[in-house]
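Colleague: here is my input, please return the structure:
(2 chains)
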Protein chains: 2
Amino acid sequence: MPTDKGSRTAILLDCDTGVDDTMAIMLACLSPEIELVGVGTIWGNVDRDLATQNTLNILAMCGRSDVPVAAGATTPLNGADVDYGYFVHGKDGQGNRGMKGKYGKSIEMSAAEFIVDSCRKRPGEIELVPVGPLTNIALALQLEPTLPKLVRGITIMGGAALAPGNVSPVAEANIWHDAEAASEVFLAQWPITMVGLDVTMRTLLTEEHFDRMRNGGGISKYMAQIAEFYTTFNQERSFGRRLSTMHDAVAVGLAANLVRAKVAPVVNVEVDTTDGPGRGQTICDLRGIYMNFPSQENAHCRVPLELEDGFPDFFTDLIVAAGEPAVNVE
Amino acid sequence: MPTDKGSRTAILLDCDTGVDDTMAIMLACLSPEIELVGVGTIWGNVDRDLATQNTLNILAMCGRSDVPVAAGATTPLNGADVDYGYFVHGKDGQGNRGMKGKYGKSIEMSAAEFIVDSCRKRPGEIELVPVGPLTNIALALQLEPTLPKLVRGITIMGGAALAPGNVSPVAEANIWHDAEAASEVFLAQWPITMVGLDVTMRTLLTEEHFDRMRNGGGISKYMAQIAEFYTTFNQERSFGRRLSTMHDAVAVGLAANLVRAKVAPVVNVEVDTTDGPGRGQTICDLRGIYMNFPSQENAHCRVPLELEDGFPDFFTDLIVAAGEPAVNVE
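Modeller: Numbers count the residues shown, from 1 in each chain, chains lettered A, B, ... in the order given. Take a look at the predicted model:
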């Protein structure tokens, strides 16, 4: 597919495909502002193989089986045992309502190889958008240390600056899952946008949005169905009412300028890799908060703290307009 | 002095007497709602001996040389080298405008001994209000492990929950100065109120307040004079304009109910004692923020996040009404 460089953002996603990853993939497929270059997969919300099949299925549903999918890491860099987020995303990563069919096939390259290969072919053009643990990105950096010079930038769903964490009081799940990988990724000298819980816990789909999806075509119906389980988790764990986060989709939205940040200082960020109570925290230097965040030497991480309204409506409009799936979603 | 238990709060301060400690001592001396039981001193903003002399001088100025002052620790628990806050409080801890005279004398007991002794004499009555590093309190806990049962509670100026730190991106100075002591104090099973940067960086004296102090009697004039240097630090480091924090005074105000918290969940708090980038952070479990903070098992630390307005006005009124010093403040 030719790139209209004037308007479209070339995005390479990296997903541990659960429910909000599905939102992110759908958004990347459906938005005319985005060219989806490919998707790497990773363990996290679900195991790596399930993430891969879910990714392939969602792309097929959106009629985008042309998008290459590359399977990635199955453990964190340090090889530690992993724990998945089935209690959040359902045992199929699709709210226990996933598709029966299995569509498509991943490419031969690993996710890390695919990331490096894609960026070498189109230097300076691609925005990496990892929305799971950062293992594949760290591996890509090891394969190609000049990767930071080959990308447009990297927009990460992960971390928390001033907001509480979700795995621990201070750690967000994607960073916590592989703190060592995250540390390498944040240390690399590329323009990072850290889409953390500060904004993703405040950007919410309501039952009104889901009602609209239920009354839409098959794609939005599917979205509303898989989100039931996830919304129940959100209700019980976080909000006390039926609200749904859309974490990964917010990262895609910011990467493609589909939603804008109202407050987003560029600050130094360090990942806590100790074994102490702060492990997995993204320590953001926001001490400038009382005077509009004066610039910090060598800082290269933009941390959105507040977004413009309207993104959940935008997402709902797009998905409701998407019509019917290209494959059987039963 | 007899205690009117019906209305007055018995407070035992522990100070590293710089500028805002001076505000705290004056408030404790001047408020009819407070019975000031005594003051322990500690290194921190200044060295321990200077903290002691400053404390004695301020008490003398307020006509309260009857209040016992007990000198405390000169280093953190682990004996590490200390660094002081002269760049914040002036080389005399009084904005380089301190009193020439030296009034009074500390008692024979150490601060830790004095804390234990005072609480044993009046079990359940005293609110400890440490507003410097927590070394003296940790030493008192070592001397008397049942101390938590002997106090009314402990109100600490220190830490940061959702707000940025001031020594590091996440650590506040009092906790950072002796993280090991702070960890022991937060682990002890007593009712803690953690008056952190979340509220103290939002409770500010303006030039209007200082103008009123300058036009008041000798005590408020002195306060305005010593705060000049401190306000300049606040301006340069934090606010970009002439605003002054009053950290330690806010802790005294909350301890004596002179100001009330609008939001103050009781949550689990852990101090980071690693040597990582989170060292000295007070890790507060505020994950309940999205549903009005459901109760947490065994939590015993109240963390004010928002205060009622008006405390800077209240403080200014009190100090302006205080009239003339009881000793020569030149």
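
Colleague: sec struct for residue A:67, please.
Modeller: coil (DSSP: H, G, I helix; E, B strand; the rest coil).

Colleague: and if you look at residue A:228?
Modeller: helix.

Colleague: distance of the closest residue to it other than its chain neighbours from residue A:11?
Modeller: Spatial nearest neighbour of residue A:228, chain neighbours left out: residue A:95 (5.6 Å); criterion: Cβ to Cβ, 6 or more residues apart in numbering or on different chains. In short, each C-beta sits where N, CA and C put it, glycine included. Separation of residue A:95 from residue A:11 (Cβ to Cβ, to the nearest Å): 24 Å.

Colleague: please apply the same query to residue A:292.
Modeller: 31 Å.

Colleague: who has more neighbours out of the two?
Modeller: residue A:11 (26 against 9; other Cβ atoms under 10 Å in any protein chain shown).

Colleague: check contacts around the more buried one.
Modeller: By Cβ atoms under 8 Å, 6 or more residues apart in numbering or on different chains, residue A:11 lies in contact with A:28, A:34-37, A:126-127, A:129, A:252, A:255-256.

Colleague: of all those, which two lie farthest apart?
Modeller: A:126 and A:252 (13.6 Å; Cβ to Cβ).

Colleague: neighbour count for those two, which is higher?
Modeller: Set side by side, residue A:126 and residue A:252 show unequal neighbour counts under other Cβ under 10 Å, the larger going to residue A:252 at 31 against 23.

Colleague: so that one makes contact with residue A:128?
Modeller: No. Counting by Cβ atoms under 8 Å, residue A:252 stays clear of residue A:128, with 11.6 Å between them.

Colleague: where do the contact lists of these two overlap?
Modeller: In contact with both residue A:252 and residue A:128: residue A:155, using Cβ under 8 Å, 6+ apart.

Colleague: tally of neighbours for the residue of the stretch 101-250 of chain A found nearest chain B?
Modeller: Closest to chain B within the stretch 101-250 of chain A is residue A:240: 3.7 Å, counting by Cβ to the nearest Cβ. By other Cβ under 10 Å, 14 other residues sit near residue A:240.

Colleague: cool, the one 5 residues further on as well?
Modeller: The number of residues packed near residue A:245 is 26, by other Cβ under 10 Å.

Colleague: ok, it touching residue A:202?
Modeller: No. The criterion here is Cβ under 8 Å, and residue A:245 misses it with residue A:202 at 9.2 Å.

Colleague: please report the distance of residue A:124 from residue A:137.
Modeller: From residue A:124 to residue A:137 the distance is 17 Å (Cβ to Cβ).

Colleague: so those two - more neighbours on which side?
Modeller: Between residue A:124 and residue A:137, residue A:137 has the larger neighbour count (other Cβ under 10 Å), namely 29 against 10.

Colleague: report all helices and strands that the helix or strand that that one is a member of contacts.
Modeller: Per DSSP states H and E, residue A:137 falls inside helix A:135-143. Using 3 or more Cβ pairs under 8 Å, 6 or more residues apart in numbering or on different chains; DSSP states H and E, the elements in contact with helix A:135-143 are helix A:111-121, strand A:126-130, helix A:147-150, helix A:179-187.

Colleague: in that helix, what counts as buried?
Modeller: A:135-141 (16 or more other Cβ atoms under 10 Å in any protein chain shown).

Colleague: would you format those as CSV with pLDDT included?
Modeller: Below are the buried residues of helix A:135-143 laid out as CSV (pLDDT from 0 to 100):
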residue, pLDDT
A:135, 98
A:136, 98
A:137, 98
A:138, 98
A:139, 98
A:140, 98
A:141, 98
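
Colleague: pretty sure residue A:190 is in a helix, no?
Modeller: No. Per three-state DSSP, residue A:190 lies outside any helix segment and is coil.

Colleague: quick one: it and residue A:184 touch, right?
Modeller: No. Counting by Cβ under 8 Å, residue A:190 sits too far from residue A:184 to count as a contact (11.7 Å).

Colleague: residue contacts, residue A:42?
Modeller: Neighbours of residue A:42 in contact, by Cβ under 8 Å, 6+ apart: A:14-16, A:48, A:51, A:72-73, A:111, A:130, A:132-133, A:135-136.

Colleague: which non-adjacent residue is nearest residue A:93?
Modeller: The nearest residue in space to residue A:93 (Cβ to Cβ, 6+ apart) is residue A:46, at 3.8 Å.

Colleague: so which strand or helix has the one you found?
Modeller: Counting by DSSP H and E, residue A:46 is part of no helix or strand.

Colleague: enumerate the residues of the stretch 51-200 of chain A near chain B.
Modeller: Residues of the stretch 51-200 of chain A found near chain B (Cβ under 8 Å from any Cβ of the partner chain) are A:162-166, A:168-170.

Colleague: between these, which sits nearest residue A:325?
Modeller: For these, the nearest to residue A:325 is residue A:166 (31.0 Å; Cβ to Cβ).

Colleague: where do the strands of the stretch 1-150 of chain A begin and end?
Modeller: Here the stretch 1-150 of chain A has its strands, by DSSP state E, counting those that start in this stretch, at A:9-15, A:34-41, A:69-71, A:126-130.

Colleague: what angle separates the second one from helix A:135-143?
Modeller: So the one you mean is strand A:34-41. Comparing the axes of strand A:34-41 and helix A:135-143 via axes from the mean of the first three to the mean of the last three Cα atoms, to 10 degrees yields an angle of 90 degrees.

Colleague: show me what strand A:34-41 is packed up against.
Modeller: strand A:9-15, helix A:19-30, helix A:48-61, strand A:69-71, helix A:111-121.

Colleague: so for it, mean pLDDT?
Modeller: For strand A:34-41, mean pLDDT is 98.

Colleague: equivalent analysis for stretch A:143-157, please.
Modeller: Stretch A:143-157 comes out at a mean pLDDT of 98.

Colleague: and that stretch, what's buried?
Modeller: A:144, A:147-148, A:150-157.

Colleague: what of stretch A:322-330?
Modeller: A:322, A:325-327, A:329.

Colleague: got the CA coordinates for that stretch in CSV?
Modeller: In CSV, the C-alpha atoms belonging to stretch A:322-330 read as follows (Å, rounded to 0.1, in the frame of the first residue of the first chain):
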residue,chain,number,x,y,z
ALA,A,322,-16.9,0.1,10.3
GLY,A,323,-19.8,-2.1,9.3
GLU,A,324,-19.5,-5.9,9.0
PRO,A,325,-16.6,-8.1,9.6
ALA,A,326,-14.7,-9.5,6.6
VAL,A,327,-14.7,-13.0,8.2
ASN,A,328,-17.0,-15.0,10.3
VAL,A,329,-16.7,-13.8,13.9
GLU,A,330,-18.8,-16.6,15.5
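
Colleague: list of residues touching that stretch?
Modeller: So stretch A:322-330 is contacted by A:26, A:30, A:57, A:60-63, A:99-101, A:103, A:216-220, A:222 (Cβ under 8 Å, 6+ apart).

Colleague: taking the residues you listed, please make a ChimeraX selection of just the buried ones.
Modeller: Buried residues among those (16+ other Cβ under 10 Å), as a ChimeraX selection:
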select /A:26,30,57,60,61,62,63,99,103,216,218,219,220,222
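
Colleague: distance-wise, check the residue of the stretch 1-150 of chain A found nearest chain B relative to residue A:96.
Modeller: Residue nearest to chain B within the stretch 1-150 of chain A (Cβ to the nearest Cβ): residue A:88, separated by 14.3 Å. According to Cβ to Cβ, residue A:88 and residue A:96 sit 12 Å apart.
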